[in-house]
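Chemist: Sharing a model prediction with you, sequence too.
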Amino acid sequence: MENKNTILVVDDAPENIDLLHALLRHDYKVKVAPNGEKALEIAQGDDPPDLILLDIMMPGMDGYEVCKRLKTDKKTQGIPVIFVTGKVEVEDETKGFECGAVDYIIKPFSPPKVKARVATHLKLRKAELDLRQLLEKTLGGAIGVLIDILSVANPTAFSRASRLKHYVNDLMEAADLTGFWQIRLAAMLSQIGCITVSPETIERIYRGQEVSREERETYNRHPQVGYELIRKIPNMGEVAEIIARQQVLETETGFQGSERVQHLVRSGSRMLKLALDYEQLIFRGDTPASALAALKSSQEDYGEQLLENFARIVESESIHIPVRQLLVMDLRPGMIIDKDIVTKNGKLLVKAGTEVSVPVFETLHNFSKTGLIQEPFQVLVPA
C-alpha cells in the first residue's frame, strides 16, 4: 500500500472542512480539526501531519496563535503551515508569514491552486528532510574518520577519550542532559588534538613524570588544536567550544551564542574537565577515594551537584566487573581492554581502558593474522 502524506485541515466551518477533505482525500490521508486546540493536539500526537491547512478566523484560539505555538514547539516547528483565509489585506499576509506560515490560499479558493500549493510545499519539505539526512550522514562519517585516525595514530589518547566518553555519558544522564548530543561528541573528540603529541609524551604527562618544556607546551596546546580542527566542520561549533575549554574553563575564543547554547557549552566543559582531572589523578596513583577528595577541594570549578553525581558514578564502578582472557574473535563492542596490548617488538597497539569498537577490533584482528601480537587478551566484560 502506498504511503500517503498526511494533511491536517483546521477550520471551524464544517462546509470548508468537507470541501477540502473531498478535494484532497484521493491523494493524501486527511485529518480534520474544528478548532485550534484540537489542531495542536493532533499535531503534537504520535502521528503528526506532514502539512497543515489552517483557517485564521476561528473562535477561541485563532490561526495566528495556533501557528505561533506550532513554531515554538520543537516537535512541530518543521511542519509547513498554509493559511486558508478570506483575509486579503497585505498586513494580514505579513502577520501570517511572521508567525511562520509558508503560504496563503485565499477563500473562495480554486481547487487546482490548492492541490498545486499542497504538492509544492510537500516536495519542498521532503527536499529539506533529505538534505538534513544527507548532512547528518556526512557529519557522522567525518566524525567516524577522525576517531578512527586517533585510534590508530595515538592509542593512548584514544583510550583516554574512550574513558571520558563513559564518564560524561553517565554525568549527562544524572543531570538529565542526554538531549545535548554536542557534549557527548565533545568527549569522544576531546583528545583529537593529541595527534600532534607523541604517545610517549602523553604517557609521561598522564603519569606526572618529568617532560621537557617543549613537550609540555605541545601537550597544553592540544585543546586548541582540537578546537581548530572541529570548528571547521559544519554544525560542530558548540562541540569545538567545549573541546577548547577542557583544561581551562575560562579559555577565550570570542564565542557568542544564545543563553541555551552558553549553558550547553558551560555544562559540557565542566563535565569534561571533571572527568579529565579525575583521570589525571588516577593515572598518577591516587585511589578513587583520594582523587574525589582532591576534586572536592576545587569544588568551585565544577559545582557541588556535578561532583556529587560524579562521586556516585565512581562508587558504582567499584562493583566487580568480571575479567576474562579472550581471543580476538571473541571480543565484542562494549568490552574494555584491561591490560595494554603491545606487539612482539614492543609497540603499544591498544591502551588499557580502551573500549572495544569496530576500529579497535579490526586493528587487533589484522595484527593477529600476522602473528605480531600474543593472544588471549585480558578484557573486562561489563554486564
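Modeler: Okay, I see it.
Chemist: which residues in this structure form strands?
Modeler: For the chain, the strands defined by DSSP state E occupy 6-10, 29-33, 51-54, 81-85, 103-106, 323-326, 336-337, 341-342, 348-350, 377-380.
Chemist: ranking the ones you listed by burial, who's on top?
Modeler: Among the strands of the chain, the stretch with the highest mean neighbour count (mean count of other Cβ atoms under 10 Å) is strand 51-54, at a mean of 27. All C-beta atoms are positioned from the backbone trio N, CA, C, and that covers glycine.
Chemist: Next, format the strands of the chain as TSV and append distance to Arg266 and mean pLDDT.
Modeler: Formatted as TSV, these follow (distance: least, Cβ to Cβ, whole Å; pLDDT from 0 to 100):
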stretch	distance to Arg266	mean pLDDT
strand 6-10	39	95
strand 29-33	41	94
strand 51-54	37	94
strand 81-85	35	90
strand 103-106	40	88
strand 323-326	38	87
strand 336-337	30	86
strand 341-342	38	89
strand 348-350	34	84
strand 377-380	33	88
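Chemist: Could you save the ones you listed as a markdown table and add columns showing distance to Gly257?
Modeler: Output for the strands of the chain, formatted as a markdown table (distance: least, Cβ to Cβ, whole Å):
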| stretch | distance to Gly257 |
| --- | --- |
| strand 6-10 | 34 |
| strand 29-33 | 37 |
| strand 51-54 | 31 |
| strand 81-85 | 28 |
| strand 103-106 | 32 |
| strand 323-326 | 45 |
| strand 336-337 | 36 |
| strand 341-342 | 42 |
| strand 348-350 | 38 |
| strand 377-380 | 39 |
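Chemist: Just tell me which of these ends up closest to Pro155.
Modeler: strand 348-350 (5.5 Å; Cβ to Cβ).
Chemist: Give the buried residues for stretch 58-70.
Modeler: Met58, Met61, Asp62, Gly63, Tyr64, Val66, Cys67, Arg69, Leu70 (16 or more other Cβ atoms under 10 Å).
Chemist: what sits against the fifth one?
Modeler: So the one you mean is Tyr64. Ile56, Lys95, Gly96, Cys99 (Cβ atoms under 8 Å, 6 or more residues apart in numbering).
Chemist: Check whether the last one really touches Arg69, as I assumed.
Modeler: Which is Cys99. No: counting by Cβ atoms under 8 Å, Cys99 does not reach Arg69; the two are 9.6 Å apart.
Chemist: wait, which of the strands of the chain is closest to Ser269?
Modeler: Per Cβ to Cβ, nearest to Ser269 of the strands of the chain: strand 336-337, 25.8 Å.
Chemist: What is the closest one packed up against?
Modeler: strand 377-380 (3 or more Cβ pairs under 8 Å, 6 or more residues apart in numbering; DSSP states H and E).
Chemist: which residues are contacting the strand it packs on?
Modeler: 321-328, 331, 335-339, 341, 356, 364.
Chemist: what do you get for stretch 50-60?
Modeler: With contacts defined as Cβ under 8 Å, 6+ apart, stretch 50-60 is touched by 5-13, 16, 20, 35-37, 39, 43, 62-64, 66-67, 70, 79-87, 92, 96, 101, 105, 114, 118, 121-122, 125.
Chemist: run the last query once more with 7 Å
Modeler: 5-12, 16, 20, 35-36, 43, 62-64, 66-67, 79-85, 87, 118, 121-122, 125 (Cβ atoms under 7 Å, 6 or more residues apart in numbering).
Chemist: Same question for stretch 32-49.
Modeler: By Cβ under 7 Å, 6+ apart, stretch 32-49 touches 6-10, 12, 17, 21, 31, 52, 58, 60-62, 65-66, 69-70, 73, 75-76, 79.
Chemist: swap in stretch 354-362?
Modeler: Under Cβ under 7 Å, 6+ apart, the answer for stretch 354-362 is 148, 151, 155, 158-159, 162, 331-337, 350.
Chemist: Just the buried subset of those, written out for ChimeraX, thanks.
Modeler: Those of these that count as buried under 16+ other Cβ under 10 Å are selected in ChimeraX with:
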select :148,151,155,158,159,162,331,335,336,337,350
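Chemist: Out of the buried residues of stretch 58-70, which is nearest to Pro199?
Modeler: The shortest gap between Pro199 and any of the buried residues of stretch 58-70 belongs to Leu70, at 52.8 Å (Cβ to Cβ).
Chemist: Now for the closest residue to the closest one other than its chain neighbours: which residues touch it?
Modeler: Leaving aside its sequence neighbours, Leu70 sits nearest to Thr76 (Cβ to Cβ, 6 or more residues apart in numbering; 4.6 Å). Neighbour list for Thr76: Ala43, Gln44, Pro48, Leu70 [criterion: Cβ under 7 Å, 6+ apart].
Chemist: per-domain residue ranges of this structure.
Modeler: Following automatic domain parsing, the chain resolves into domains at 6-129, 156-314, 320-383.
Chemist: Looking at the second one now, give me its mean pLDDT.
Modeler: In this model, domain 156-314 carries a mean pLDDT of 88.
Chemist: end to end, how far does that domain reach?
Modeler: Taking Cα to Cα, to the nearest Å, the first and last residues of domain 156-314 lie 22 Å apart.
Chemist: Show me what counts as buried in stretch 120-129.
Modeler: His121, Leu122, Arg125.
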